[in-house]
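A.B. asks: Predicted coordinates and the sequence they were generated for:
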Number of protein chains: 2
Amino acid sequence: MSRVRVRFEPEGETTEGEAGALLLDLAAKAGLPVRSDCGGRGICRSCHVEVRSGRIRRLDQDGAEETVAAACEVLACQTAALTDLVVYVPPEVRLCPTGEEVAGYLGPGAAALLRPPARGFPLGQRLALRLPPPSFDDPTPDWERLARALREYLGEDRPLVCDLGLLRRLPDGLRVHDFALSATVVDEGDRHRVIDVGRVGGRAALGLAVDIGTTTVRVELVNLGTGQVLGGAAEFNAQTRYGEDVISRIIWSQEHAGGAEDLRRAVVGTINNLVERLLRQAEARRQQVVAVSVAGNATMICLLLRLPADTIRRAPHVPPVGQPPYLSAASLGLLAHPEAAVFCLPAINGYVGGDITGGILASDLAQRDELSLFIDVGTNGEVVLGNREWMICCSCSAGPAFEGMGIEAGLPARPGAIESLVYDRSSDTVQVRTVAGEPPVGLCGNGLVTALASLLEAQVIDRVGQLMSDYPSPRMRQVEGEWQFVLLWAEETGLGRDLVLRQSEIDNLIRAKAAVYAAVSTLLEVLGLTGEQIERLYLAGAFGSHLDVAAAMKIGLLPDLRPERVTVAGNTALMGAYLALLSSTARRQLREIAQATTYLDLSSVPRFMEEFVAALMLPHTELERFPSVVARGSSGVVS
Amino acid sequence: MSRVRVRFEPEGETTEGEAGALLLDLAAKAGLPVRSDCGGRGICRSCHVEVRSGRIRRLDQDGAEETVAAACEVLACQTAALTDLVVYVPPEVRLCPTGEEVAGYLGPGAAALLRPPARGFPLGQRLALRLPPPSFDDPTPDWERLARALREYLGEDRPLVCDLGLLRRLPDGLRVHDFALSATVVDEGDRHRVIDVGRVGGRAALGLAVDIGTTTVRVELVNLGTGQVLGGAAEFNAQTRYGEDVISRIIWSQEHAGGAEDLRRAVVGTINNLVERLLRQAEARRQQVVAVSVAGNATMICLLLRLPADTIRRAPHVPPVGQPPYLSAASLGLLAHPEAAVFCLPAINGYVGGDITGGILASDLAQRDELSLFIDVGTNGEVVLGNREWMICCSCSAGPAFEGMGIEAGLPARPGAIESLVYDRSSDTVQVRTVAGEPPVGLCGNGLVTALASLLEAQVIDRVGQLMSDYPSPRMRQVEGEWQFVLLWAEETGLGRDLVLRQSEIDNLIRAKAAVYAAVSTLLEVLGLTGEQIERLYLAGAFGSHLDVAAAMKIGLLPDLRPERVTVAGNTALMGAYLALLSSTARRQLREIAQATTYLDLSSVPRFMEEFVAALMLPHTELERFPSVVARGSSGVVS
């Protein structure tokens, strides 16, 4: 047998094989596995690639041989290489996400979950099948016929089920397509469920990764076959009108007639608005969305499912359920295929939810030997400390200040949001960087952190966060009895009005950072550890992936660590939901993480309140805890 | 240790044990296992018995000792025998049905499925539990807390699931009962589902065994804890108004707008009427009914589930599904707990349904070495031949004549139905036996068989079933151009009008018996077997358990076998449904039977039509096939 060399574009990866080898196999050998929804039977066309030069044999055309002159589209599973080839693999045909498409940090262990066979089964998938038609020799009933083919295809023994609706459509569904069809299958952990049948070669199966934050909801639309993120969008959680934090929403849900339903409708409305926008942008249809994974704290999940959340706010803070069952999109009112499988990431506790188990998974914390600290700053702050041997977590109420809620100039990281702000005392000027370079309209999380650090350094505020009323600039002014500092004048903004930071807003930010810092320091103290022993800090949450770590240490939000030990991990809750959408192994590991993590109730540790009070200064009452900040002299603290 | 003897009343069974042994264990040792819904923890009171004499120790009263003077109610799990005792076990406490309560024939293998541990899990059960309340040391969420206790209780690893509705009720459900509660659990084969929680000691969990015949629907109300049949009732299937047989109903469902829904409503209405009556008689509530098992041919199951049945009537006659999924009562509109589990007995084929797999299970055919023939005569006739090694089956359209449909004097076996009719030529008189001894109002299956045999013997009809118009009795008369024979004069009936058999009705009965006989003889011929090789014949179906076997052979409905080889098994479909209701082992075996049985399509065997035509005489064209009938000279054939 002669050897052939095939180069795959656009990567330019080259591999060798015997003449006559299938492009499908050669692509896998080159490390560029392509989709093959029908398992190489030439019926689904999901493996279409473009041969740009060389000589091929077409198995789907009675083995005809052909020398490619102009680029020629073929099925990788039906085409053999006879000579050296150049083959272009379009993005929609790739089996694995390239990684660049995915927002946020993924540890190498987590990234490995995206590649078969380690990943197992996506939460939903569409498979192309050709069944033998029934005969007297093979009179298997329709459903058992489909199940037999699927079981063989999936290569495993977990039960296959379907509901009455599918059974009612099945006989026609099989016959109208002459027993060649696509089946949409969702993975419910202990079994697979067939939710739809249709023609082969229809539109791709899509999934939603959803992060329900107390303040902000984020959704990504994902191609379940390739892992490609087709779009992402975020919006404030419409539940905020019923309360800023989880406690006030739980109380609303209990004390108002229909309150639980109001809250459910609010968050479902927010999600569905985002989904509608993403579907429109991707020119996709609701029926294509066959899987939804949802990360959120236990209260957010309760309110989405309209479960009574009262037990969460009372000691010992147990939620009604840790790992909710697989649910249908229709039962929750989500904009998707009515039978789409909804998986909620499991909670550790009433105060440490699936957003955190998702973060632990995405960051690889549970797989590493090194001692890691994981901090997720949202409306609640959650802290996890541990390694592959043990994990302990706690939660504190930070408030939504760093998400921009309760700060007039605050907003989520959308175009025009200020990501970074530096005030120069000598020139009395401000420099900003905004998302997408648009005219500034407000400050997102990192904008607030850098602003605070900059004002401290310029001695606009003192170490307790007090605005210096005698500061020599027209920016310092009193309005309606409250001091405020003008960050940007109206003409410098995209708003047409001054962007200011008020004294009460600064106080909010300081309380938020103090709560997070105190949670970390209490946890360390309880375990008899010091900050120096932390080998890795993952910072997740409201700040996205653009936190200025030095500024965060300057104001004492983060403990004083060497910057190279800090990974700004972005929205790890969403990354966890993304992993759960694509990998049954990820879904299993999430459950294991939830079970393996111990919860420490800070309210039962008297030390916590002392730590909180001590952290109400910038960076901290005890300066010796921030040696490098002091040494750099880059803070107002040295004056 | 001294020994004690305990006598259990009313059976009078006696057993010995060591002083200090629990009554619960002693009862089991005596072969009279009693219920213990909470697993012997003294919380459910399901094991209450009456001690009538002797000395006991009460574990639930701090180990107090007591000499019983008057009868004393105690919990068997909390009471130890210190001396010889007499203990009365009330019927509702017994774990196993006594057998007498169960209508119809059960083979010994099938009966063994009713006793633990062989039976596995009933389709639904109510379990009493006491959970540790949540604490900081044990902060397991509510659902996982319940699931942990249930898993331990059930002693196995299959997944436990619940739906959103239960999760919504759970937090209150646990706390209102202080974490001592009863959980209603249904068995879905690969997993258990919790469908309800409530207080301990509530009403018993009940189940329905349903046999949907094409012509007649039968329902039994069963105590799921004890297996006791609380009542049974039967009614014509209201679907008959849309067609007498399965083919005409399938056509109706297709050719009329909303036809499938009409048919579904009709049969659900029939079932619900029966259930309502049974619940009223038993003074039970709809919510108590937590499990439903349904036997029926594939078309009946399709119409109940509103599945398209069209493929059943077209070769190769495959139904949409062989084993339907576990469904909820609410999804089918059945009068029961909305989340009650509905299990449909699996079909072998479009023409051999769950009624037959149920019959094979109940009769033990699949467990025996001997070659057995199973005949179920209903609107369709189904025949199974085989043993533990192999099984083959076929189906023929007998028509509903033996169920009394299409015969003016015909009716199901209800009070007043004639079970047996003998006409005496010499005195020109008729002797009848009726169900419950009530005045005769019509003939049920065996009444028709005995009437036909008797008229043949008396030469009122000849061997082709022709009424002898010159027969010397006023009973023979012509009305509207058709000959008829008066079986009972108006004054002899409970109707006030003559009960007659018309020529066209006799022709119907003969076609029905010929179809059944031809199915049997064709099956034997295809396998190269003869009737003599049949070691056991089970006769099931319309005839209940009172078929006059000799009369059935006289008319050639059954092959000529030695009577001791014939078991009149009654409604084995209902027995199969009863077994499925009480035993997960039975449900598994039903699936195995459905998979292991081969189907022979009679329409593809040219011989069948010849056999049918030859069987249109009484007993048969070839008299040598009925040697004992001829030898007894008891038939019109010898004249």
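C.D. replies: That came in fine, so what should we check first?

A.B. asks: Helix, strand, or coil at the residue most central in space within chain A?
C.D. replies: Among the residues of chain A, the smallest C-alpha distance to the mean C-alpha position (Cα atoms, centre = their mean) belongs to residue A:574, namely 1.3 Å. In three-state terms, and counting by DSSP: H, G, I helix; E, B strand; the rest coil, residue A:574 is helix.

A.B. asks: Would you confirm that it contacts residue A:104?
C.D. replies: Yes - applying Cβ atoms under 8 Å as the test, residue A:574 and residue A:104 come out as touching, 6.6 Å apart. Any C-beta I mention is one placed from the backbone N, CA and C, and that applies to glycine too.

A.B. asks: does residue A:424 really touch residue A:455, like I thought?
C.D. replies: No - at 11.4 Å, residue A:424 and residue A:455 do not qualify as touching, with contact defined as Cβ under 8 Å.

A.B. asks: And chain A, what are its domain boundaries?
C.D. replies: Each domain of chain A is listed here as a residue range: A:3-93, A:108-198, A:206-344, A:363-400+A:510-638, A:412-495, per automatic domain parsing.

A.B. asks: What residues does the residue sitting furthest away from the middle of chain A make contact with?
C.D. replies: When distances to the mean C-alpha position of chain A are computed (Cα atoms, centre = their mean), the maximum falls on residue A:136, with 51.4 Å. Contact criterion Cβ atoms under 8 Å, 6 or more residues apart in numbering or on different chains gives B:315, B:316, B:601, B:604 as the residues in contact with residue A:136.

A.B. asks: Which ones, among these, also lie beside chain A?
C.D. replies: Counting by Cβ under 8 Å from any Cβ of the partner chain, the subset of the contacts of residue A:136 that neighbours chain A consists of B:315, B:316, B:601, B:604.

A.B. asks: Quick one: buried ones out of those residues?
C.D. replies: Buried subset of these (neighbour count, 16 or more other Cβ atoms under 10 Å in any protein chain shown): B:316, B:601.

A.B. asks: ok, so of the ones next to chain A among the contacts of residue A:136, who is nearest residue A:465?
C.D. replies: Proximity of the ones next to chain A among the contacts of residue A:136 to residue A:465 was ranked by Cβ to Cβ; the top entry is residue B:316 with 81.4 Å.

A.B. asks: pretty sure residue A:74 contacts residue A:58?
C.D. replies: Yes - with the criterion set as Cβ under 8 Å, residue A:74 and residue A:58 qualify as a contacting pair; they are 6.7 Å apart.

A.B. asks: on that earlier part again, neighbour count winner among residue A:424 and residue A:455?
C.D. replies: Neighbours were counted for residue A:424 and for residue A:455 using other Cβ atoms under 10 Å in any protein chain shown; residue A:455 has more, 26 against 12.

A.B. asks: Now do the helices in the stretch 301-450 of chain A.
C.D. replies: Across the stretch 301-450 of chain A, reading from the start of the chain, the helices by DSSP state H, counting those that start in this stretch fall at A:310-313, A:329-332, A:354-363, A:445-457.

A.B. asks: just those helices: most buried one?
C.D. replies: The highest mean neighbour count among the helices of the stretch 301-450 of chain A belongs to helix A:354-363 (a mean of 32), with neighbours defined as mean count of other Cβ atoms under 10 Å in any protein chain shown.

A.B. asks: That one near chain B anywhere?
C.D. replies: No - under the criterion of Cβ under 8 Å from any Cβ, helix A:354-363 makes no contact with chain B; the nearest approach is 12.1 Å.

A.B. asks: Put the alpha carbons of that helix into CSV.
C.D. replies: Written as CSV, here are the backbone C-alpha positions of helix A:354-363 (Å, rounded to 0.1, in the frame of the first residue of the first chain):
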residue,chain,number,x,y,z
GLY,A,354,-24.7,25.3,41.4
ASP,A,355,-22.9,28.5,40.3
ILE,A,356,-20.1,27.5,42.7
THR,A,357,-20.0,23.8,41.9
GLY,A,358,-19.8,24.9,38.3
GLY,A,359,-16.9,27.2,39.2
ILE,A,360,-15.0,24.5,41.1
LEU,A,361,-15.4,22.2,38.0
ALA,A,362,-14.4,24.8,35.5
SER,A,363,-11.3,25.9,37.5
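
A.B. asks: So what's the gap between it and the chain middle?
C.D. replies: On the basis of Cα atoms, centre = their mean, to the nearest Å, helix A:354-363 is displaced by 9 Å from the centre of the chain it belongs to.

A.B. asks: Which strand runs longest in chain A?
C.D. replies: As far as residue count goes, and with DSSP state E defining each element, the longest strand of chain A is strand A:48-58.

A.B. asks: Quick one: mean pLDDT for stretch A:117-124?
C.D. replies: Per-region confidence: stretch A:117-124 scores 90 on mean pLDDT.

A.B. asks: ok, and for that stretch, which residues are buried?
C.D. replies: For stretch A:117-124, burial by neighbour count (16+ other Cβ under 10 Å) applies to A:119, A:120, A:121, A:122, A:123, A:124.

A.B. asks: ok, now stretch A:188-207?
C.D. replies: Quick answer for stretch A:188-207 (16+ other Cβ under 10 Å): A:188-189, A:191-198, A:200, A:202, A:204-207.

A.B. asks: Widest-spaced pair of the residues you listed?
C.D. replies: The largest distance within the buried residues of stretch A:188-207, taken as Cβ to Cβ, falls between A:189 and A:200 and amounts to 27.6 Å.

A.B. asks: any idea how far residue A:622 is from residue B:569?
C.D. replies: Distance check for residue A:622 against residue B:569: by Cβ to Cβ, to the nearest Å, it reads 88 Å.

A.B. asks: More neighbours: which of those two?
C.D. replies: Set side by side, residue A:622 and residue B:569 show more neighbours around residue B:569, with 27 against 11, by other Cβ under 10 Å.

A.B. asks: Please identify which helix or strand holds that one.
C.D. replies: Secondary structure assigned from DSSP states H and E places residue B:569 in strand B:566-570.

A.B. asks: Show me what that strand is packed against.
C.D. replies: Packed against strand B:566-570, as judged by 3 or more Cβ pairs under 8 Å, 6 or more residues apart in numbering or on different chains; DSSP states H and E, are the following elements: helix B:354-363, strand B:536-541.

A.B. asks: What pairs with it, parallel or antiparallel?
C.D. replies: Using DSSP bridges, the strands paired with strand B:566-570 in its sheet are strand B:536-541 (parallel).

A.B. asks: Tell me what angle the strand it pairs with forms with helix B:354-363.
C.D. replies: 140 degrees (axes from the mean of the first three to the mean of the last three Cα atoms, to 10 degrees).

A.B. asks: what mean pLDDT would you report for the next helix or strand after strand B:536-541?
C.D. replies: Scanning forward in sequence from strand B:536-541 by DSSP H and E, the next helix or strand is helix B:549-554. The predicted model assigns helix B:549-554 a mean pLDDT of 93.

A.B. asks: Now do helix B:549-554: distance to the chain's middle.
C.D. replies: For helix B:549-554, the distance to the chain centre is 24 Å (Cα atoms, centre = their mean).
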